[in-house]
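>>> got a predicted model here, sequence first, then my questions.
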Amino acid sequence: MTGKIYHIVPLCLLCICFITGCTKHTEVQSQREETEDKKIEIGIIFDSFVLERWQRDRDVFVAAAQELGAEVNVQHANGDLEEQVAQMDYFIEKKVDVIVVVMVANKEDPDSLVQAVGRAQKAGIPVVAYDRLILNADVDLYISFDNQQVGRLMAEHMKEHLGGEGEILQICGPMEDYNVPQVMKGFDEVLADTDLEITMTEHAEGWLGETGFFTTSSYLLTHTAPDGIMGGNDNIAGHAIRALSERRLAGDVCVVGQDADLDACQRIVEGTQCMTVYKPVEKLAKRAAELSVILAKGEEVLEKESIYDGSYEVPYERLEPIAVTKENMDEEITGKYHEESDIYLNIRNK
């Protein structure tokens, strides 16, 4: 009997070890599968969706990120910086893998957003500044178009169209948006060697498009019509043209803008707007999604360029903008960014 027990005990121990080993193997396998199944989560916060282009940026970014296996949580702050900070903290609490921000550009306390970026990075979450640089924040990546070149393209068109002389009304976006002083700098560089003179400069707080209408209307009450109007974007330019139309001046003044909005492209082929600067948002949004996924994986983004944010040198991905006029509309825009039937809608319905 005792001999049988000696045989049974080792066998029982062997069974226990086998069962324990299987359990541990199952747990490890389950943890591995859980890790592999966990998708990258990206939080992206837009200023607002008032402008047509931000809706397109959103759609392309989300689609590109999903193709790379990431999930995207989209928020928009409706132009409210306090709300944007709250959304940053929400993403930090959710422990997303990366946060992408189109900063709200207004006169509220910008330090609150800088502090929110710091909280995210302290929690191990990289932050990407999308299209608008967040000053003094030391973000992990800034991706945008060459905004000085945007200004140069606007000025070069005006220089050619006006023969290098004339008076220009300038209606820009808010200076709190870092892109704005960059565009103005590029614009001034080209004008420096011409007889083109900026007779008045106004800034649209919060990129309010109606500023274009009110500024142009007020200007025409005390001045003769300017030779050119530089609109900070196509929305502002469109409202400026509305003010010109009320005085039957639309088409007589060289108006430029940026973003290649559909209604701007329609005005260009109709002859009331001279040009727009096209910034291929599909390329920007897709590239931003790719880089966001790389950062989310904990990998380093190797950028050839950097930009000074006021306190730090931050990695910078720079894309090139394109000047679009009536002459190259079909080459650059038709069938790629807007459909031909939409661009020429008003002309063909006349």
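Ah, there it is.
>>> what about the residue most central in space within the chain, distance to L295?
Central residue of the chain (CA atoms, centre = their mean): D131, 3.6 Å from the mean position. According to CB to CB, to the nearest Å, D131 and L295 sit 17 Å apart. Where you see a C-beta, it was placed from the backbone N, CA and C, and this is true even at glycine.
>>> what's the answer for G186, then?
29 Å.
>>> mind listing what's buried along the helix or strand containing E202?
Assessed by DSSP states H and E, E202 sits inside strand 195-203. Counting neighbours by 16 or more other CB atoms under 10 Å, one finds that the buried residues in strand 195-203 are 196, 198, 202-203.
>>> do the same with stretch 104-116
Across stretch 104-116, burial judged by 16+ other CB under 10 Å covers 104-106, 108, 110, 113-114, 116.
>>> would you mind measuring the gap between the ends of that stretch?
Taking CA to CA, to the nearest Å, stretch 104-116 runs 13 Å from one end to the other.
>>> got the contact list for the residue nearest to N106 when sequence neighbours are not counted?
Distances taken as CB to CB, 6 or more residues apart in numbering put G206 closest to N106, at 5.0 Å, once the chain neighbours are dropped. Each residue near G206 by CB atoms under 8 Å, 6 or more residues apart in numbering is listed here: 79, 105-106, 174.
>>> helix or strand: which one has E71?
Here E71 is covered by strand 70-76, with elements defined by DSSP H and E.
>>> whatever helix or strand comes next after that strand vs strand 70-76, what angle?
Going down the chain from strand 70-76, the next helix or strand is helix 81-94, by DSSP H and E. Taking axes from the mean of the first three to the mean of the last three CA atoms, to 10 degrees, one finds that helix 81-94 is oriented at 150 degrees with respect to strand 70-76.
>>> any idea of the mean pLDDT for helix 81-94?
Average pLDDT, helix 81-94: 96.
>>> buried residues, it. List them.
Going by neighbour count (16+ other CB under 10 Å), the buried part of helix 81-94 is 81, 83-85, 87-88, 91-92.
>>> list of residues touching whichever helix or strand comes after that helix?
Next in sequence after helix 81-94, counting helices and strands by DSSP H and E, comes strand 98-101. Strand 98-101 is contacted by residues 40, 42-45, 61, 84, 88, 91-92, 113, 117, 120, 125-130, 134, 288, 292-293, 295-296 when judged by CB under 8 Å, 6+ apart.
>>> residues in contact with L113?
So L113 contacts 81, 84-85, 88, 101, 103-104, 134, 137 (CB under 8 Å, 6+ apart).
>>> check which helix or strand it maps to.
In the assignment (DSSP H and E), L113 maps to helix 111-122.
>>> run the angle between that helix and helix 81-94 for me.
10 degrees.
>>> run the chain-centre distance for helix 111-122.
Distance of helix 111-122 from its chain centroid, counting by CA atoms, centre = their mean, to the nearest Å, is 19 Å.
>>> and the helix or strand following that helix, what other elements does it pack with?
Using DSSP H and E, the helix or strand that follows helix 111-122 in sequence is strand 127-130. In terms of contacts (3 or more CB pairs under 8 Å, 6 or more residues apart in numbering; DSSP states H and E), strand 127-130 is packed against strand 98-101, helix 111-122, strand 141-145, helix 281-296.
>>> distance to E332 added to these, as CSV?
Shown next, in CSV, are the helices and strands packed on strand 127-130 (distance: least, CB to CB, whole Å):
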stretch, distance to E332
strand 98-101, 27
helix 111-122, 34
strand 141-145, 15
helix 281-296, 13
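>>> relative to V255, which of the ones you listed is closest?
strand 141-145 (20.7 Å; CB to CB).
>>> hang on, the earlier thing: helix, strand or coil: sort out the residue nearest to N106 for me.
helix (DSSP: H, G, I helix; E, B strand; the rest coil).
>>> number the chain from 22, please
Got it, first residue is 22 now, which makes that one G227.
>>> ok, now how distant is it from N256?
G227 is 12 Å from N256, by CB to CB.
>>> do the same with G292
According to CB to CB, G292 stands 19 Å off from N256.
>>> who has more neighbours, those two?
N256 (27 against 11; other CB atoms under 10 Å).
>>> dump the residue contacts of that one.
The contact partners of N256, taken as CB under 8 Å, 6+ apart, are 72, 228, 230, 233, 278, 280, 282.
>>> what helix or strand is L241 located in?
Per DSSP H and E, L241 falls inside helix 231-243.
>>> need the contact list for L270.
Each residue near L270 by CB under 8 Å, 6+ apart is listed here: 241, 246.
>>> do you know how far it is from Y299?
In terms of CB to CB, L270 sits 26 Å off from Y299.
>>> just confirm M251 is within a helix.
No - M251: not assigned to a helix; according to three-state DSSP it is strand.
>>> once you drop chain neighbours, what's closest to it?
Per CB to CB, 6+ apart, closest to M251 is Q191, 4.6 Å.
>>> you'd agree the one you found is up against H224?
No - with contact defined as CB atoms under 8 Å, Q191 does not reach H224; the gap is 9.3 Å.
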